[in-house]
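A.B. asks: here is a sequence together with a model predicted from it:
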Amino acid sequence: MNRRHFLRFLGLLTASSPLLSSCGITKYWPDNGIFFNPCKSHLPDVLANHDVVLSALEGVDTTQIWDGHIHLIGLGDSKQSGIWVHPHSQSWSHPWLHTQFIFFLNASCPVPNMSVDEGYVARLHSLRWGGGTRLLLLAFDYAYSETGERLPQRSAFYTPNDYAAYLHQQWPDTFEWIASIHPYRQDCVEALEMAFLQGARGVKWLPPSMGMNPASPLCKRFYEALVRLDLPLLCHGGVEHAVYGMNQQTFGNPLALRYPLEMGVKIVVAHCASVGKSKDTDRGENGPRERNFNLFTRLLEEPRYEKLLFGDISAMNQVTRAGPDLEKLLSRQEWHSRLLYGSDYPLPGVGPATSLKFLKEKQYITAPQAEVLAQIRQYNSLLFDFVLTRHLQVGGKHFSPEIFQTRPFWTGARFWKV
């Protein structure tokens with residue numbers, strides 16, 4: 001597809017996509033005009049041993065790198081997975097959803113001659129790099145109503161906890177996992193206890209899409225169980241564009257997390273809530289709208305949450321987030337002990353999502369680094385994301401090595417540092 005046709009296509013999608021209409025379609029033109037992942041394998045030694053890669057590894061113990069944001073998706077075309085995908089994402093009658101799904105699936109490069117489910121995992125397994133690194137697979141629950149009714153038609157997709165647990169059991173040296181349990185489920189506490197026994201390292205929520213309000217008393221018994229089991233909650237913060245579902249954007253307000261924080265729940269705010277605005281409820285029910293990132297960092301700086309609140313830097317190198325928020329995270333090194341690395345896989349393999357040209361123009365990376373990263377990306381999007389994130393800089397300040405050494409956090413052994 002040439003540039004003219006692609007821009008016309010994106011123009012048609014703009015009406016149904018606040019993401020494109022707010023940021024402009026030209027910002028998403030991919031590096032070197034490569035829209036889709038070429039899915040090459042076997043990273044050449046000349047790249048694996050390049051100084052851009054080796055310098056990114058300096059000061060980081062790879063046995064402590066646990067990538068805490070790996071989406072586990074598929075088509076549900078294998079007996080084992082139990083994955084379900086909303087039909088809208090597989091139909092051109094819903095062009096934006098279908099286009100997103102095509103990009104996500106291509107970015108994951110499923111190994112051919114297998115089911116998509118099996119090919120997704122096989123490719124992901126092959127991308128693991130460095131001695132001792134592990135990947136935390138994210139399950140994803142259905143949306144539920146406040147009365148505890150499952151809502152498949154309002155759900156984007158479903159990836160069962162049992163499937164993520166199974167993959168961990170099959171490849172314990174590669175995969176860890178994070179459960180997903182909707183707190184409005186009647187059996188939410190029982191499901192959490194089962195996930196704990198199966199080795200889950202935490203729980204993942206995407207409130208705008210899954211339809212849970214973190215500030216609702218309906219979540220109380222679930223929060224009590226999280227505290228009792230000492231499991232962290234990886235909770236999306238801010239506006240959500242990639243996964244539609246319930247589309248309740250008000251539930252992405254970081255201030256809604258005061259309720260579980262006051263109960264003692266350890267929370268990781270995904271992407272540091274770096275997209276969109278929410279009502280500043282600290283200033284009353286009719287408070288002004290404030291940037292979600294500012295609301296998150298307000299919480300981060302409150303002393304009583306020092307050992308409870310953390311931020312996930314996944315996707316911060318993407319065009320929707322790279323800018324002032326990224327610069328602030330890089331500069332405020334006193335926050336670095338409370339930031340955690342994650343790749344947001346398969347997003348690093350989506351051509352329009354991360355623009356090396358844009359990052360180079362902003363002087364977050366150098367031209368030689370961008371040239372090497374562009375080549376790495378075609379072979380290994382996980383290594384690409386790590387090396388890129390390690391080299392991001394503003395005013396000579398980079399993300400500290402401890403941000404990438406996340407194993408102590410996910411095993412519960414990090415808090416003496418904070």
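C.D. replies: Done, it's in.

A.B. asks: phi first, then psi, for residue 243.
C.D. replies: phi -130, psi 110 (degrees, to the nearest 10).

A.B. asks: contacting residues for it?
C.D. replies: Applying C-beta atoms under 8 Å, 6 or more residues apart in numbering to residue 243 gives the contacts 156-157, 206, 209. Where you see a C-beta, it was placed from the backbone N, CA and C, and this is true even at glycine.

A.B. asks: could I get stretch 175-189 in PDB with only the CA atoms?
C.D. replies: C-alpha atoms of stretch 175-189 as PDB (Å, rounded to 0.1, in the frame of the first residue of the first chain):
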ATOM      1  CA  PHE A 175       7.000 -17.200  31.300                       C
ATOM      2  CA  GLU A 176       5.500 -15.800  34.500                       C
ATOM      3  CA  TRP A 177       2.000 -14.600  34.500                       C
ATOM      4  CA  ILE A 178      -0.500 -12.000  35.800                       C
ATOM      5  CA  ALA A 179      -4.100 -12.900  36.400                       C
ATOM      6  CA  SER A 180      -7.100 -10.900  35.300                       C
ATOM      7  CA  ILE A 181     -10.200 -11.000  37.500                       C
ATOM      8  CA  HIS A 182     -13.100  -8.600  37.400                       C
ATOM      9  CA  PRO A 183     -14.000  -7.400  40.900                       C
ATOM     10  CA  TYR A 184     -17.800  -7.400  40.200                       C
ATOM     11  CA  ARG A 185     -17.700 -11.200  39.700                       C
ATOM     12  CA  GLN A 186     -19.500 -13.100  42.400                       C
ATOM     13  CA  ASP A 187     -16.600 -15.500  42.600                       C
ATOM     14  CA  CYS A 188     -13.900 -12.800  42.300                       C
ATOM     15  CA  VAL A 189     -12.200 -13.700  45.700                       C
END
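
A.B. asks: give the buried residues for it.
C.D. replies: By neighbour count with 16 or more other C-beta atoms under 10 Å, stretch 175-189 contains the buried residues 175-185, 188-189.

A.B. asks: stretch 255-263 now?
C.D. replies: Within stretch 255-263, the residues that qualify as buried are 255-261, counting by 16+ other C-beta under 10 Å.

A.B. asks: residue 324: which of the residues you listed is nearest?
C.D. replies: The nearest member of these to residue 324, counting by C-beta to C-beta, is residue 255 at 20.1 Å.

A.B. asks: tally of neighbours for residue 228?
C.D. replies: 13 (other C-beta atoms under 10 Å).

A.B. asks: residues touching it, list them.
C.D. replies: By C-beta under 8 Å, 6+ apart, the contact set of residue 228 is empty.

A.B. asks: that's a helix at it, yeah?
C.D. replies: Yes - checked against DSSP: H, G, I helix; E, B strand; the rest coil, residue 228 lies within a helix.

A.B. asks: if we can go back for a sec, nearest to residue 392 among the buried residues of stretch 255-263?
C.D. replies: Of all the buried residues of stretch 255-263, residue 392 sits closest to residue 257, with 26.1 Å by C-beta to C-beta.

A.B. asks: sec struct for that closest one, please.
C.D. replies: Secondary structure, three-state DSSP: residue 257 is helix.

A.B. asks: shouldn't it be in contact with residue 266?
C.D. replies: No - in this structure residue 257 lies outside contact range of residue 266 using C-beta atoms under 8 Å: 11.1 Å.

A.B. asks: shared neighbours, those two?
C.D. replies: In contact with both residue 257 and residue 266: residue 309, using C-beta under 8 Å, 6+ apart.

A.B. asks: thinking again about what came up before, restricted to strands, list the buried residues of stretch 175-189.
C.D. replies: Using DSSP state E, the subset of the buried residues of stretch 175-189 located in strands is 175-178.

A.B. asks: what's around residue 38, how many residues?
C.D. replies: As a burial measure, residue 38 scores 12 neighbours (other C-beta under 10 Å).
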